[in-house]
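>>> show me the folded form of this:
(chains A and B)
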Number of protein chains: 2
Amino acid sequence: MVGDVVIHGDYEFDRALAMERRSDFTFDGAVAPGWDILGNANGGYLMAVAARAMSEVTGRPDCFTVTAHYLAPAPVSATRVEVRPVRAGRRFATATSSLFLVDEPGGTGGRECLRVIATMGDLSSDPGGPTTMVGSRPDITPWDECPTISNTTINEFAFIHGRLGTRIDPRDAVFRTGAPSGEGVMRGWFAFRDDRPIDSLALLLACDAFPPAAFNLDLPTNWVPTVELTVHVRAIPAPGPVACFFRTRFVQNGLLEADGEVWDAAGTLVAQSRQLALAPRA
Amino acid sequence: MVGDVVIHGDYEFDRALAMERRSDFTFDGAVAPGWDILGNANGGYLMAVAARAMSEVTGRPDCFTVTAHYLAPAPVSATRVEVRPVRAGRRFATATSSLFLVDEPGGTGGRECLRVIATMGDLSSDPGGPTTMVGSRPDITPWDECPTISNTTINEFAFIHGRLGTRIDPRDAVFRTGAPSGEGVMRGWFAFRDDRPIDSLALLLACDAFPPAAFNLDLPTNWVPTVELTVHVRAIPAPGPVACFFRTRFVQNGLLEADGEVWDAAGTLVAQSRQLALAPRA
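Below is the predicted model of the structure:
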C-alpha cells in the first residue's frame, strides 16, 4: 500500500533496505551508513536496495537474474527507487529500476547512480526440472580456519566489513601482506555479523562483498570500479554461512571480469555472478 | 537523421540489421528471415538488432557490456526498436532498449520480445590500461579440421546456419550422433558464410550461435530457452574466424548457465558471455 514502510526483518541489513512506498512504483529510502568502502556504498548492497523495491512491485521474492549498471558512486544519501514493470508471466516477471540519490527524504529529481534489470520469480515454488552437475564446489578452507575480515586493517577503509562476518581463505589473504598469490582468486565465507539469515537478497550482497580477486594479481591494490554486475540466484541457501569463490582470469587493456560462485552449507549452488570492472590503477 | 536508412555494409548480416530511423530514439526494422531455429529468431541476432539501434543513439560503436532479457519468441516480423539513453559520459554511455514485433513496417504498439541494457563505448579509442592474463585460449581443434554446420542435419531446423560458416570441434559434434560427451562443452569457430568481417556486433551473434553446450550432457536435445544473455565485448577481433568455447557446468532444478569465451586469430580475448537458460525437457 502507498505510504507503507517496507521492511522485512529486524537485522542490520533489513534496516538498511527499509523504504517507504510513495506510489505503486516509487519508494523512498536511503543509502544507509556503514555499507561502504571509504564512503562509497558497496555495489551488491545497492543492487539489493533496487531488488527489494522490484520485489515489492512484481510480487516475486527472488531475482533469478539481475543486472546492474553502475552510473555514479553512491555516498550515504536519501534515495528514491523507481520501478518499471516490463512483463509479468506465470513463472517470471521482468522489471527495470533506477536508484536516485536525492537531497532529502521524499525528494524528487536527483542523480541516478544505478540502473537495474531483473527477471524475478519465486524459488520456493519454482516448477524446477532436471539437475546435472558437471562442476562441484571449489576447494575452500573451512570456516573456522579462515580469518575474519572484521576488526582488521581492511576494516579501516572497507567499512562494510563492520557489518559482515566475512572470512577470507588464508591462501587468498596473502594480498594483505603485499604478496598477491598471482592466481587472481579470492575465496572465503560470507555471513552477517548479526547472524541474519542469508536469503536471495543477501546473495546479491555476497556476490560483491569480498576484496577484488584482482588483488591477488600483480596489480595496484586500488579501486576496481564495477561497470556492470550480473547475479543469477540459483537456489535459496540452507542456514549458515555461504562459501564464496571469485576469480579474475583476464585483465586486458584495463578491463577485467570477476566471476563468482556461491555455495550453501548443504552443497547447493545458490548463486553465480559476473562483473565487468575497470582494472585498478596506481 | 530521422528518415535515414541505417545500414552499415552490404553483407547478409548488415541487411538483416538494417532499419529506418523514425525519430531520435525509434527505429523501424525487421526480424529478418533465415536467422532462426524453426521459426524463432536467434537470441544473439536479436541482441545485435537492439545494439545496432543503441549504437546509433549513443554514438558509440561497441557494447562493452550488454544484457538482454528474452520476453517472447520472435518470428519473422516488422519491428520497432525504442532506445532510451540513461547516461552519457566521456568514456561510456549507458542506454536501454526495447524490441517490439509490430504488424507492419512503421507500426506502433506490438509485443515486446526483448529488453536490453548496455554500457557502450569505442574500443578503437578506449584509453585502455594494464593487461594481466591468468587464463589462456582453450584448446580448440583447428578450423580446417572442424566440420561445418551448414548443409548438415542441424541446418534442417537451425536455419541460421545457412547464413553462417560456423564449425564445431569434432570432440563436441558427438551430440549429433546421440552420444553426448558428458562434458557440457561446445567448441568451434564462428564465421559468416559470406565472409563478413567480425565486428563487435557480430560477436553478440557469435555468443549465441552454437548448439547449446547442454547438448553434450545427458539431457534431451530440445529447446534451451534463454532467459537472459550478457555479453562483454573485450576487444575488436582481428580478421578471420573467431574461436569459441561454451560450457555448461551446473544444470540445477531446471535452470542452467552457459559461459562463453571468444578469441580472435591473433590470440586476443574478444568476448565473454554468460546466459541463464531453462534446461531442455523431453
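>>> look up phi and psi at residue A:95.
Main-chain dihedrals, residue A:95, degrees, to the nearest 10: phi -150, psi 160.
>>> how close does it sit to chain B?
As judged by Cβ to the nearest Cβ, to the nearest Å, residue A:95 and chain B stand 9 Å apart. Backbone N, C-alpha and C define where each C-beta goes, glycine included.
>>> what about that residue, how many neighbours?
28 (other Cβ atoms under 10 Å in any protein chain shown).
>>> which residue is the nearest non-sequential neighbour of the residue of the stretch 1-150 of chain A found nearest chain B?
At 2.1 Å from chain B, residue A:129 is the closest residue in the stretch 1-150 of chain A, using Cβ to the nearest Cβ. Spatial nearest neighbour of residue A:129, chain neighbours left out: residue B:254 (2.1 Å); criterion: Cβ to Cβ, 6 or more residues apart in numbering or on different chains.
>>> show me the contacts for that neighbour.
Going by Cβ atoms under 8 Å, 6 or more residues apart in numbering or on different chains, residue B:254 touches A:126-130, B:278-279.
>>> and the residues you listed, which of them are buried?
Neighbour-count burial (16 or more other Cβ atoms under 10 Å in any protein chain shown) is assigned, among the contacts of residue B:254, to A:126, A:129-130, B:278-279.
>>> state the pair within those residues that is farthest apart.
A:126 and A:130 (13.2 Å; Cβ to Cβ).
>>> can you verify my assumption that residue A:47 contacts residue A:231?
Yes - judged on Cβ atoms under 8 Å, residue A:47 makes contact with residue A:231 at a distance of 7.1 Å.
>>> mutual contacts of the two, please.
By Cβ under 8 Å, 6+ apart, the residues touching both residue A:47 and residue A:231 are A:66, A:204.
>>> so, low pLDDT: which residues of the stretch 1-150 of chain A?
Across the stretch 1-150 of chain A, nothing is flagged by pLDDT under 70.
>>> what parts of it come near chain B?
A:64-65, A:67, A:69, A:71-72, A:86-87, A:92, A:94, A:96, A:112, A:115, A:117, A:119, A:126-135 (Cβ under 8 Å from any Cβ of the partner chain).
>>> buried ones from those residues, can you make that a ChimeraX selection?
Filtering the residues of the stretch 1-150 of chain A next to chain B down to the buried ones (16+ other Cβ under 10 Å) takes a single ChimeraX command:
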select /A:64,65,67,69,71,86,87,92,94,96,112,115,117,119,126,129,130,132,134
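>>> re the thing from before, in helices only, show me the buried ones among the contacts of residue B:254.
Among these, no member is found in helices (DSSP state H).
>>> who is residue A:229 paired with across the strands?
Per DSSP bridges, the residues bridged to residue A:229 are residue A:68, residue A:275.
>>> give the contact list for it.
Here residue A:229 is in contact with A:43-44, A:47, A:67-68, A:70, A:207-208, A:273-275 (Cβ under 8 Å, 6+ apart).
>>> before we move on, what about residue A:121?
Contacts of residue A:121 (Cβ under 8 Å, 6+ apart): A:60, A:62, A:64, A:91-93.
>>> need the residues that contact stretch A:123-137.
A:61-62, A:64, A:91, A:200, A:233, A:235-236, A:243, A:245, A:261, A:263, A:267, A:269, B:182-184, B:217-219, B:248-255, B:278-279, B:281.
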